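Visitor: A predicted structure for the sequence below; I have some questions about it.
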Amino acid sequence: MRINLTDDILLNVQKPAKYTGNEWNMVRKNPGDVDVRFAFCFPDDYEIGMSHLGMKILYHILNRREDTYCERVFAPWVDMEEKLRENNIPLYSLETYTPVSEFDMVGFTLQYEMSYTNILSMLDLGGIPVFAKDRKDNMPFVLAGGPCAVNPEPLADFVDFFVIGEAEEAINEIIDEYKAWKNSGESREEFLARVAKIEGVYVPAFYDVDYNEDGTVKSIRPNRDGVPAKIKRRIIRDLNEADFPDDVIVPYVGTVHDRIMLEIFRGCIRGCRFCQAGFIYRPLRERDHEKLLKLAKQSIEKTGYEEISLVSLSTSDYSRLPELCNALIEYTEGEKVNLSLPSLRLDNFSMQLMEKASKVRKSGLTFAPEAGTQRLRDVINKNITEEDLFNAVKMAVSGGWNSVKLYFMMGLPTETMEDVEAIGELGIRLIESCRDLPGGKSLNITISTSCFVPKPFTPFQWEPMDDMETLMEKQFRLKDRVRKNRRITYNYHDARVSMLEAVFARGDRRIGQALYKAWRKGCKFDGWAEFFDFDKWMEAFEECGLDPKFYANRRRSFDEILPWDHINIGVTKRFLQKECEKAYRGEVTQNCAENCSFCGAQGYKTGICLGEQRSDRNNG
Amino acid sequence: MSSGVIGTMAKVLRFRFSRGPELKYLSHLDVLRVFERALRRSQLPVGYTRGFNPRMRLVFGLPMSTGLTSDAEYADIVLEREISCEDFVSILNENMPVGIKIHEAAELIGQENIMNLIKAALYSITFETDRRESEIACMISDLLSQNELMAMKKTKKGFRPENIRPLIYRLGLANKGNNTFELSALVSAGAEKNLRADLLMEALSRKYEFRPNILSIHRKALYTEDAGGWKDPIEVTDGKRCPD
C-alpha cells in the first residue's frame, strides 16, 4: 500500500518537506525485488534524525545488499502526528510511502532516553502493537540498538531483540538469518531463537529477572537453552575495512548537522569517569588518514555539501591529525568547502589549525572543564588544569574570539557547595585575566551547567544522583554568584528532565510500565522543553507503584546485581569499581595512549590495545 | 549583477527551470540550497562573491512559495569559464533531484539581473466548488468591472488591508468537469508589486462568499515588460536561446 498525502495535510504542517522524501542520494529500489524490507526508525524529528551518522552508515550497509531495501522513518512532529491520526493515515517510510507495519523489520536507534515515548508513538502510529508479546506471526520484528541499548531493560517489554554495540556486521548476520527463517516456516519465537545465537544480540523474552524484597535485582537468567548468560558487545575490529558511506542523503530542509560527517575514529582514550561514551566504545580504533582524505573527496563530489566535519569523541587525540588536516585544508579550500573541527583541545597547534581551517567569523568557542575545582576534576579524571584553561582562553581572545562558552556538570560525586561556587569564580577570574589583552575587554563568557546523570558502565554507575532540590539549590547558588557580573551569562538544564533521564538510564524492566502509562497520558518529545510534562510522568510512576528516587537517587553497593549485569560491554565491572574507588581518593588514571589500565577492552585485541598505535603516538 | 565586477572570462547565463509536484513542498530557501548543492556536484565553473563568506553568484527571478508548482522559473548565474548553454543545461540536469529540471538557457548580454525584471506572472489555479459555471463567470466579470478588491496582506506586524484589484491584469475560466474549474490569472509579480495566487483566491472567496477547495496552484509563465508588451525573460537576453 502506498500512502497518499494531500495538500490539505502537507500545506498545514510546518516544513512539509520533512515528510515527502525524494532527497538527493535517497536509495530507490523496487520493493517487489527484495527479500527483506527494513524500516530504520529514528525516534525524533527529521531534523535531528537526519543529523545522525549511525543511521547513514546502516542505511548504506543494508542498501548495498541486493536482497534488502532499507527505508527511513522519523517521528512526525506533533502537528503532523495530529494530521495523520485525524485522517487515519499510518506512519510510513519516506522512500516508498509504505506503512511501517508492512516491513519485515523495524529498527530503532536509541540515542537518548528521553525519546523512548516516541518509540511507542511510532509503533502505534505505524499500526504495530507496542508490546512485543502482542505481536502476531505476520507482524514485523522490532529491534533496537545504539548507545542507550547498553541497558536495554526499560524497553524490554516493547522490543523483540536488541543489538548491543556496533551493528555493521551483526545487521548483515541478522538479515541472513531472517531470510533463512522466512523460508523455513518456523514460528516467530523460532526466529528470535535463531538471532539470539548471533553475538551481540539480546532477546529479552528469553531471560527472567527476579527481584529481592527491597526492589533490587536478585537474578537475571536465561529461561531456555541455547542463549548466552552474558551478551557480548559487538565491535568492528578494523575501521578501514568497515563500509563507510560517501553518498549520504542530502536533505532539503536544514538539519541540525547539515554537513558531511567524517568519522576519524571510534572510542576514546581519556576515561573521564562520568562519560559513558568513554567506556562503551573502547578500544580506540582509528581510520587511516589517507583513507579519510579519499572519503572526504568522494563525499564532497557525491553530495555537493558545502561543509565537512570531523567526527570523533576527541579530535585532538587522532594520531595523524596534522597530516590529515593539512591535506583536508588544502583540498577543501580549493573546493570552497568549510572544514569544521569540533572537540579540539586548545593548544598552539589547534589554534593555528582553526585559523587556517575557518576563514569565517570568529563567533564562539567552547571548552568543557566539567568541574570548577582541580580536586573535583581529578575525581572525574578530566585532565584539564586551571593553567590549561587560562592559557586556552587567553589564546582564544588574542586570536580574535570574544565569546567563550564553558560547560560544567553539577551534582558530580563528592561535589560540595565550594565546588559549585568555584565555577562562578573561575568565570570571573577568566574575565579578569583577559582584561589587559587586546580585545579582552569585550570578552563574554557563557557558563552552562548540566545535571550529572550517572550512567551504566561508568565508574559512577553506583552513585546516587543529586535529588532535584539539591540540584536546584546549587543552580540558584551559582546564579547568585555570577549575577553581578554582566559579562557572564549562566544557563542551566531542567533538573526534572535530568532526573527522568537518570531513571531510564539505570532502570530495570519494571519501569517499562511507567513509560507505557506516561505515553498513554500523552507524553511525547520529552526532550523538548515545550512538550515535557513532569506531572504526567510522576502520575505514571505512582500508578505503577514505582519510586523514581529508587532509580535516580539511591546509592547502590558494589555487590548489588545491576539490571544490566548480563550485558558484557568489554570493560569489566571490577575495573569500574577500582576507578570509582580511585575517584573517591582523587586519584587520576593515565589515558590509553600513556599506559594500559587493563580495563578489559584489551580482550577485543584491536586498536590502541595492541600497543602499536600507542608507541606510534609516544614516538611521534 | 549586483555585487562585484564580472571578469573578462566570465559570462552570465539566464535559464528557465520547472518545479514539479515532487518538490512542491520546498521553501524558497530549500530551493536555493538545492541549486547550490547541485551546482557543486556538477563542478560547473560558478562564480563566487568575494569576501569573508563567498556565495555563489546566482539570482532567482521570483521566490516560490511552499506548495507551488511551476513551468517557468528563471535565474541568472555567473560562470567563470566558457561553457556552452547546451552543456550547462545538460550537466546541471544530471545533478538535479527529480522534480527540478532546467529547460533552456541563453547568455545574458548587458542586461539588468532577473530579480528587477519580473513584472507579471501567469497562474493556473485549479479548484473545486459546488457553484455553477455561470455563477463563477459572473463573479469574474463583476470583479473585472470594479476598481477595488480588498485583501488582507500579511506583513511583519500582522495583517493590513490592501486593494489588489490594480494588480490583476487578466482572468479566465475553464470548466474541467466534476465541479472542477481552472482559473488562469495574469497578475502583477516581482520585487515591487507582487500578488500571490493564494491571496487572490482568498480575496475572491471573501468578496463573493464562495468556498473553493484549491487543488493546485501552478505558475505557467513569468514575464518582463518590454516595449509595452509582456515578454519572456529569456527572449530579452539578446543571447542565443538553447536548446532551441
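Guide: All right, it came through fine.
Visitor: Please identify the buried residues of the lengthiest strand in chain B?
Guide: The longest strand of chain B (DSSP state E) is strand B:213-226. For strand B:213-226, a neighbour-count test (16 or more other C-beta atoms under 10 Å in any protein chain shown) marks B:214-215, B:217-219, B:221-224 as buried. Bear in mind the C-beta positions are built from the backbone N, C-alpha and C, glycine included.
Visitor: now, which of these lie close to chain A?
Guide: Judged by C-beta under 8 Å from any C-beta of the partner chain, the overlap between the buried residues of strand B:213-226 and the neighbourhood of chain A comprises B:214-215.
Visitor: what would the buried residues of strand B:213-226 look like in JSON lines with pLDDT?
Guide: Supplementary listing: the buried residues of strand B:213-226 in JSON lines, determined by pLDDT from 0 to 100:
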{"residue": "B:Ile214", "pLDDT": "94"}
{"residue": "B:Leu215", "pLDDT": "94"}
{"residue": "B:Ile217", "pLDDT": "96"}
{"residue": "B:His218", "pLDDT": "97"}
{"residue": "B:Arg219", "pLDDT": "97"}
{"residue": "B:Ala221", "pLDDT": "96"}
{"residue": "B:Leu222", "pLDDT": "96"}
{"residue": "B:Tyr223", "pLDDT": "96"}
{"residue": "B:Thr224", "pLDDT": "93"}
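Visitor: Greatest separation within the buried residues of strand B:213-226: which pair is it?
Guide: Within the buried residues of strand B:213-226, two members stand farthest from each other by C-beta to C-beta: B:Leu215 and B:Thr224, at 29.3 Å.
Visitor: What parts of chain B come near chain A?
Guide: Counting by C-beta under 8 Å from any C-beta, the residues of chain B close to chain A are B:22-23, B:25-27, B:29-30, B:33-34, B:36-41, B:43, B:48, B:52-54, B:66-67, B:95, B:97-99, B:214-216.
Visitor: Which of these fall in helices?
Guide: Using DSSP state H, the members of the residues of chain B next to chain A that fall in helices are B:29-30, B:33-34, B:36-41.
Visitor: Most proximal residue of the stretch 1-150 of chain A with respect to chain B?
Guide: Across the stretch 1-150 of chain A, the shortest distance to chain B (C-beta to the nearest C-beta) belongs to A:Pro16, at 3.9 Å.
Visitor: burial of that residue, as a residue count?
Guide: Around A:Pro16 there are 22 other residues, counting by other C-beta atoms under 10 Å in any protein chain shown.
Visitor: quick one: contacts for it?
Guide: With contacts taken as C-beta atoms under 8 Å, 6 or more residues apart in numbering or on different chains, A:Pro16 has the following neighbours: A:10, B:25, B:66.
Visitor: Among the residues of chain B next to chain A, name the buried ones.
Guide: In terms of neighbour count (16+ other C-beta under 10 Å), the buried residues within those are B:23, B:25-27, B:30, B:33-34, B:36-41, B:66-67, B:95, B:97, B:99, B:214-215.
Visitor: one step back: could you dump the ones in helices among the residues of chain B next to chain A to TSV with distance to A:Arg554 and pLDDT?
Guide: Shown next, in TSV, are these (distance: C-beta to C-beta, whole Å; pLDDT from 0 to 100):
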residue	distance to A:Arg554	pLDDT
B:Leu29	50	94
B:Asp30	49	96
B:Arg33	50	96
B:Val34	53	97
B:Glu36	54	96
B:Arg37	51	97
B:Ala38	56	98
B:Leu39	58	97
B:Arg40	54	96
B:Arg41	55	97
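Visitor: now, which of these sits nearest B:Arg132?
Guide: Looking at these and their distance to B:Arg132, the nearest is B:Asp30, at 40.0 Å (C-beta to C-beta).
Visitor: Could you report the separation of the closest one from A:Pro16?
Guide: Between B:Asp30 and A:Pro16 the computed distance is 10 Å (C-beta to C-beta, to the nearest Å).
Visitor: which SS class is A:Cys596?
Guide: Three states are possible here, and by DSSP: H, G, I helix; E, B strand; the rest coil the one that applies to A:Cys596 is coil.
Visitor: ok, for it, nearest residue in space, not its chain neighbours?
Guide: Closest residue to A:Cys596 in three dimensions, ignoring its sequence neighbours and counting by C-beta to C-beta, 6 or more residues apart in numbering or on different chains: A:Gln602, at 6.5 Å.
Visitor: just checking, that neighbour touches A:Pro283?
Guide: Yes - in this structure A:Gln602 lies within contact range of A:Pro283 using C-beta atoms under 8 Å: 7.2 Å.
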